[in-house]
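With the input below, show me the fold.
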Amino acid sequence: MQQIDIALDKLVVSALNARKDLDAGQEDSGIDELASSIRQQGLLSPPIVRPAADGRYEVLVGQRRLLACRRMGFDPVPCLVRHDLGDMDAATLSLVENVHRAEMHFLDKARALKALLDHHKSYVRVAKESALSVSTVRKYIPLLDLPLALQERLRTAGGSPGVSTLSRLATTFSGDEAVEVYTKISGFNQRIQEEILKQSEGSIANVDVLIGKAQEGAFDAKRCGGVYGCEIIRQILRGKLTLCEFEQHVQDIADDFDSSEMPQRAVKDAADACWKALAVGEKY
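Numbering: from 1, shown residues only. So this is what the prediction gives:
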């Protein structure tokens, strides 16, 4: 890899770039702000490019930096040139560079992960390539099953809703029903949204009933001095929640944090410790 200065008119954004939505999550750091920073501090992190067949260079990493340079007329642009990248390697590089950044739109991330899955045919390999957990990869890819009308509604700069909620929505409802259900539950917090979807069993009629219960506070859980809600503790002490189910709940919480690695042993140890602590508590 070598660094060279490349004229602006010789740089083109690669079609393999994982980031498509440049506005998502950029309220505090838009292109204008980035251009101002480059003007004052210089280009501290050069874009990564590869030679194109027509003599130009494809920008694989640093699309926003390129646009900022164009906006301010920063020419030529210092770039890091990679000569050793095929299409899949280039797509993977772009994904890995962007996938852990909060501002990358979740649909862009889902599409990039799906492209890797189509190539490798293995969730484990995709997880290794992207430095994500298998459970996180499995959570993102179903988002592509959301109806286009809902995808367009979600593609905003106002921040992404909970990925776990949308993943469950995509695997529970489809088409116009998914749009309708999302509209109905969007006013609730993520935990209640997921509970409604989980208990709905894919029925809009059930969703309406559950929304009524939620509005009455049926899913509210007060904190009991720890990370678990009182309602969960009640279910455990009443024998309505098994150790296996509780372990899965802990895993779901870990997935919500998009942990890159969550060893199964750690999940089980956490569940066992909490279970034992609750076993000596008073009955509700």
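
When you work out contacts or count neighbours from here on, use the C-alpha atoms and nothing else.
Fine.

mind listing the helices for this structure?
Remark: helices of the chain, listed N- to C-terminal, are 31-41, 63-72, 87-99, 106-120, 123-130, 134-140, 148-154, 163-172, 175-185, 190-200, 204-215, 230-237, 243-256, 264-279; assignment by DSSP state H.

Serialize those helices to JSON lines and add fields for distance to Ala52 and mean neighbour count.
What follows is those, written out as JSON lines (distance: least, C-alpha to C-alpha, whole Å; neighbours: other C-alpha atoms under 10 Å):
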{"stretch": "helix 31-41", "distance to Ala52": "25", "mean neighbour count": "16"}
{"stretch": "helix 63-72", "distance to Ala52": "16", "mean neighbour count": "19"}
{"stretch": "helix 87-99", "distance to Ala52": "11", "mean neighbour count": "20"}
{"stretch": "helix 106-120", "distance to Ala52": "21", "mean neighbour count": "20"}
{"stretch": "helix 123-130", "distance to Ala52": "24", "mean neighbour count": "18"}
{"stretch": "helix 134-140", "distance to Ala52": "31", "mean neighbour count": "21"}
{"stretch": "helix 148-154", "distance to Ala52": "32", "mean neighbour count": "13"}
{"stretch": "helix 163-172", "distance to Ala52": "35", "mean neighbour count": "20"}
{"stretch": "helix 175-185", "distance to Ala52": "40", "mean neighbour count": "17"}
{"stretch": "helix 190-200", "distance to Ala52": "44", "mean neighbour count": "19"}
{"stretch": "helix 204-215", "distance to Ala52": "51", "mean neighbour count": "16"}
{"stretch": "helix 230-237", "distance to Ala52": "57", "mean neighbour count": "17"}
{"stretch": "helix 243-256", "distance to Ala52": "39", "mean neighbour count": "16"}
{"stretch": "helix 264-279", "distance to Ala52": "44", "mean neighbour count": "14"}
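
Just put those helices in TSV and tack on distance to Ala53 and mean pLDDT.
Converted to TSV, those look like this (distance: least, C-alpha to C-alpha, whole Å; pLDDT from 0 to 100):
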stretch	distance to Ala53	mean pLDDT
helix 31-41	29	82
helix 63-72	19	88
helix 87-99	13	76
helix 106-120	23	86
helix 123-130	27	85
helix 134-140	33	89
helix 148-154	34	82
helix 163-172	38	91
helix 175-185	41	93
helix 190-200	47	91
helix 204-215	52	91
helix 230-237	60	62
helix 243-256	42	66
helix 264-279	47	58
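
nearest to Val12, of those?
Between Val12 and those, the shortest separation by C-alpha to C-alpha is 8.7 Å, and it involves helix 63-72.

for that closest one, packing partners?
Taking 3 or more C-alpha pairs under 8 Å, 6 or more residues apart in numbering; DSSP states H and E as contact, the helices and strands that helix 63-72 lies on are helix 31-41.

got a list of contacts for the helix it packs on?
The set of residues that contact helix 31-41 without belonging to it, under C-alpha atoms under 8 Å, 6 or more residues apart in numbering, is 44, 64-65, 67-69, 71-72.

Nothing else from me, thank you.
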